[in-house]
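Asks: turn this into a model:
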Amino acid sequence: MNRMNRDSIPATVTVLTKNSGKTLARALESVREFDQIIVCDGGSTDDTLSIARAAGALVITQDSKFLQDGKIFDYGGVRNQTLDAAQHNWI
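Replies: Numbers count the residues shown, from 1 in each chain. Coordinates of the predicted model:
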């Protein structure tokens, strides 16, 4: 979500998640001043996605071609997903 206003930092923050509900709200609060927050999720079954959306984050799904047995084996591939979705040159 692009929340650009005068006070926001014109950069994108990316966060990789999977069942991060216990810590995600606090993590997203710490970057709330950035213009764009992207959460790239690996199949959460807890409240991770609702927390991310409530914080105004753009939620994308980790591509299964970068996962093996539900875990990231190609970190660069997943990271590049977030770079492709970013609206800013600064990440």
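
Asks: for the residue nearest the centre of the chain, name its beta-bridge partners.
Replies: The chain has Val39 as the residue nearest its centroid, 1.5 Å off, counting by C-alpha atoms, centre = their mean. Val39 has these beta-bridge partners by DSSP bridges: Val15, Val59.

Asks: give me phi/psi at Gln81?
Replies: Note on Gln81: backbone dihedrals following degrees, to the nearest 10 are phi -60, psi -40.

Asks: test my guess that it contacts Ser64.
Replies: No: counting by C-beta atoms under 8 Å, Ser64 is not a contact partner of Gln81; they are 11.4 Å apart. In this view, the C-beta of every residue, glycine as well, is placed from N, C-alpha and C.

Asks: would you map the helices across this protein?
Replies: Shown for the chain, the helices assigned by DSSP state H span residues 21-29, 48-54, 75-85.
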